[in-house]
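Enquirer: I would like to see how this sequence folds:
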Amino acid sequence: MIRYRFGQSDLLRTRFAIAPLMELIGAVYALRDPARYLVHRPWAEWARPRTEHLDLYQLHWPDGGRIPVEETWAAMAGLVDDGLVRFIGVSNFDRDLIERCQAIRHVDSLQQEFSMLELRDRDLIRWCGEQGTGVLSYSPLAFGLLTGAIGPESRFDREDVRAGRDEGSLFAPGTRERNLAVVGSLRPVAERLGITLAQRALAWNVHQPGVTAAIAGSRNPDHVRSNAAAGDVELDDATLSELDAIVSRAAPA
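Expert: Numbering: from 1, shown residues only. Purely as a prediction, here's the structure:
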């Protein structure tokens, strides 16, 4: 069983080198010198791949205001100026924080949670597209809800975020049941299109204004191939409108 926990990050060494930054903020607190930390840490972390540069370096979470975001972003911009990093981005940022970064240097990417069941940042993602900021949506399958593999009787370990202990969770009591009802309404559309539920969710995701790519977790190579096939799915305007009418009934997270 795959368990979802906050605070975990994966190292992706495929077409892009994306640095894992979940531990970044704590180290910055300790050093109290984010500029120096940001300049030196990529190469300490990335000596193994021996890459000449990082393609994308992202600040994964806001730190709650302890260190001005302008200071951190200026340090990251310096990495680009020095040729050590090609593009820099942020994750889990709101528009205000992004605009504060934009005043120093363009924000190349935003990595944000976004799915048919998590629509709170839809306007932000559209706006990013208008600004020329690429958007990588994470959890596009809503922690498995949109695959159809989770039902009313599914149970999860207490440490799993899908245990539904948090009031705002997609799996909170009441919210989970409403979300499953939405998934049930989406199933006939996938069947009509001849695709899986996951492919339908991913295809919808990348068709949304502003979305550049969707990050989908996979258990094995077959899942990877199946998810990748969603990139070939074309959804016409009528189908997108039909899907939007259904997802508008999703419980607010």
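
Enquirer: Was I right to think residue 229 contacts residue 198?
Expert: No. With contact defined as CB atoms under 8 Å, residue 229 does not count as touching residue 198 (9.8 Å). C-beta coordinates here come from the backbone N, C-alpha and C atoms, glycine included.

Enquirer: higher neighbour count, the two?
Expert: Applying other CB atoms under 10 Å to residue 229 and residue 198 shows that residue 198 carries more neighbours, namely 23 against 15.

Enquirer: Leaving out sequence neighbours, find the closest residue to that one.
Expert: Once flanking residues are discounted, residue 198 sits nearest to residue 147: 4.6 Å by CB to CB, 6 or more residues apart in numbering.

Enquirer: show me the contacts for the one you found.
Expert: Residue 147 makes contact with 141, 196, 197, 198, 201, according to CB atoms under 8 Å, 6 or more residues apart in numbering.

Enquirer: repeat for residue 186
Expert: Going by CB under 8 Å, 6+ apart, residue 186 touches 116, 146, 197, 200, 201, 243, 246, 247.

Enquirer: Give me the distance between the fifth one and residue 135.
Expert: Distance, residue 201 to residue 135, by CB to CB, to the nearest Å: 16 Å.

Enquirer: More neighbours: which of the two?
Expert: Neighbours around residue 201 and residue 135, counted as other CB under 10 Å, are more numerous at residue 201. The numbers are 29 against 24.

Enquirer: what about the closest residue to the more buried one other than its chain neighbours, how many neighbours?
Expert: Distance criterion CB to CB, 6+ apart; nearest residue to residue 201, sequence neighbours excluded, is residue 146 at 4.0 Å. Residues lying near residue 146 (other CB under 10 Å) number 29.

Enquirer: just checking, residue 146 touches residue 118?
Expert: No. Between residue 146 and residue 118 there is no contact under CB under 8 Å: 10.0 Å.

Enquirer: Below-threshold pLDDT in this protein: ranges please.
Expert: 1-51, 152-168, 250-253 (pLDDT under 70).

Enquirer: Distance from stretch 130-143 to the middle of the chain?
Expert: Its chain's C-alpha centre and that of stretch 130-143 lie 5 Å apart, by CA atoms, centre = their mean, to the nearest Å.

Enquirer: From the contacts of residue 147, pick the one nearest residue 87.
Expert: Using CB to CB, residue 141 is the member of these that lies nearest residue 87, at 25.5 Å.

Enquirer: what's the distance between the closest one and residue 195?
Expert: 14 Å.

Enquirer: cool, residue 113 as well?
Expert: In terms of CB to CB, residue 113 sits 23 Å off from residue 195.

Enquirer: ok, now residue 204?
Expert: For residue 204, the distance to residue 195 - CB to CB - is 11 Å.

Enquirer: and what of residue 53?
Expert: 38 Å.

Enquirer: sorry, back to before: let me see the contact set for the residue nearest to residue 201.
Expert: 115, 116, 117, 140, 183, 186, 197, 198, 200, 201.

Enquirer: just residue 183 next, same as before
Expert: So residue 183 contacts 145, 146, 148, 197 (CB under 8 Å, 6+ apart).

Enquirer: run the last query once more with 7 Å
Expert: The contact partners of residue 183, by CB atoms under 7 Å, 6 or more residues apart in numbering, come to 145, 146, 148.

Enquirer: just residue 87 next, same as before
Expert: Contact partners of residue 87, counting by CB under 7 Å, 6+ apart, are 55, 56, 108, 109.
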